[in-house]
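# curious how this folds, go ahead:
(one chain, ligands or ions: 1)
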Amino acid sequence: NKANYLHFMAKEIHEQPEVVGHTLRRYVDMAAERIALPQRLPFDFNDIGRISITGCGSSSYAGHVAKYWFERLARVPVELDVASEFRYREAPLRKGDLAIFISQSGETADTLAALRYAKAQGLHTLSVVNAPTSTIARESETMLQTLAGPQIGVASTRAFTCQLMVLAALAVAAGKSRGELSDADETRLVQRLIEIPRLMATALATEPQIEKLARDMAKCRNVVYLGRGTSFPLALEGALKLKEISYVHAEGYAAGELKHGPIALIDETMPVIVIAPYDGVFEKTVSNMQEVAARGGNIILMTDAKGAREAIVDPLVTIVLPDMAATFTPMVYDIPMQLLAYHTAVVMGTNVDQPRNLAKSVTVE
Ligand code: M6R
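Below is the predicted model of the structure:
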């Protein structure tokens, strides 16, 4: 049931503070401010030489964000593949290493095949799934559930942010077991995770501004999304969401890649969505924005109050998101991305919950 919403997607977007909160409480001891995984892991993170992360579509982008977290917080190298490539590229895999599979439905054929392949190679397999009785959940050695609730809209919204929450908790757990994070680091990071649902609710308040922006977006044929660090996979996810439900062509790039080709696309008809919380790479992203501004591109900046003050260039629109510590920004910055795709699709009059040519669960390779 859609409650008072026009589409399931809108309902699913708005329910995120709640379901991400449920997921948080499954993986965090709120009172002790510690990570508390619901089960003992059948491996020791100290024995893991490398983590392979695999998924499709939005789930692969959640994995892409998690790569930054595992590498930064646990100092463990991560390799990321879309599931349809993982099996065929004959990667040298080491027995006893860890392979993580991310899937909302738990039935995606490519991800399942990749899981079976990793198992056959002697890797530990851990899945992050929303459907706990799905094939991927059953066949993996360890299953960590996202508590996103049933997913009706084809576009992944709350499944994605709940995946991020589980992966963030797991990355902190990994950092702790590998001695890369102290007790104090863990407490600090857990406090940041506990803040996320409230920050997501604040981010939802940008909706009227985004709805207005969507009216212009619906007139465009192409849109570029840029981000650095963990905002890079978010740029990919934002672009996927827009094209998937509104059929407006969109591409996401690492902001630094702009000058290696995509900049040729920029002119006064091109909106460029820049995801840039005020973090360690903000200044670098500002120089990419200057490159866009110099070519007449229309910048739509997603940032915080400090970023809005320091941006130098004059964006067409600035969406100001709540102030927060840098590590876990993707869970909050994804909200305006989802809202923009949603409202653009509504203006375009597409079938938001069931876009053409797409299925909720892709069970063929
Ligand atoms: O069920 P899964 O998470 O395995 O599905 C993977 C992709 O098919 C899925 O994320 C797809 O990209 C979404 N429609 C994106 O919104």
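
# quick one: secondary structure of the residue of the stretch 201-350 of the chain found nearest the ligand?
Residue nearest to the ligand within the stretch 201-350 of the chain: E244 (5.5 Å; C-beta to the nearest ligand atom). Every residue, glycine included, has its C-beta placed from N, CA and C. Here E244 is recorded as helix under DSSP: H, G, I helix; E, B strand; the rest coil.

# which stretches of the stretch 201-350 of the chain form strands?
All strands of the stretch 201-350 of the chain, identified by DSSP state E, counting those that start in this stretch, fall at 222-227, 249-254, 271-275, 298-303, 317-320.

# measure stretch 225-235 end to end?
End-to-end distance for stretch 225-235, by C-alpha to C-alpha, to the nearest Å: 5 Å.

# could you check how far that stretch is from the centre of its chain?
Stretch 225-235 sits 10 Å away from the centroid of its parent chain (C-alpha atoms, centre = their mean, to the nearest Å).

# check stretch 179-192 too.
In terms of C-alpha atoms, centre = their mean, the centre of stretch 179-192 is found 22 Å from the chain centre.

# got the contact list for that stretch?
Stretch 179-192 has contacts (C-beta atoms under 8 Å, 6 or more residues apart in numbering) with 28, 33-35, 46, 73-75, 172, 175-176, 324-325, 327-328.

# which of those residues are buried?
Buried residues within these, counting neighbours by 16 or more other C-beta atoms under 10 Å: 28, 33, 35, 73-74, 172, 175-176, 324, 327-328.

# spatially nearest residue to the residue in the chain positioned nearest to the ligand (excluding sequence neighbours)?
The nearest approach of the chain to the ligand comes at G57, 1.9 Å away (C-beta to the nearest ligand atom). Closest residue to G57 apart from its sequence neighbours, by C-beta to C-beta, 6 or more residues apart in numbering: L240 at 6.6 Å.

# contacts for stretch 358-365?
Contacts of stretch 358-365 (C-beta under 8 Å, 6+ apart): 56, 84, 105, 107-110, 113, 151, 154, 244.

# ramachandran angles for S52?
Phi and psi for S52, reported as degrees, to the nearest 10, are phi -100, psi 130.

# pick out whichever of the contacts of stretch 179-192 sits closest to I266.
M324 (29.8 Å; C-beta to C-beta).

# was I right about that closest one contacting T303?
No. M324 is beyond contact range of T303, at 11.5 Å (criterion: C-beta atoms under 8 Å).
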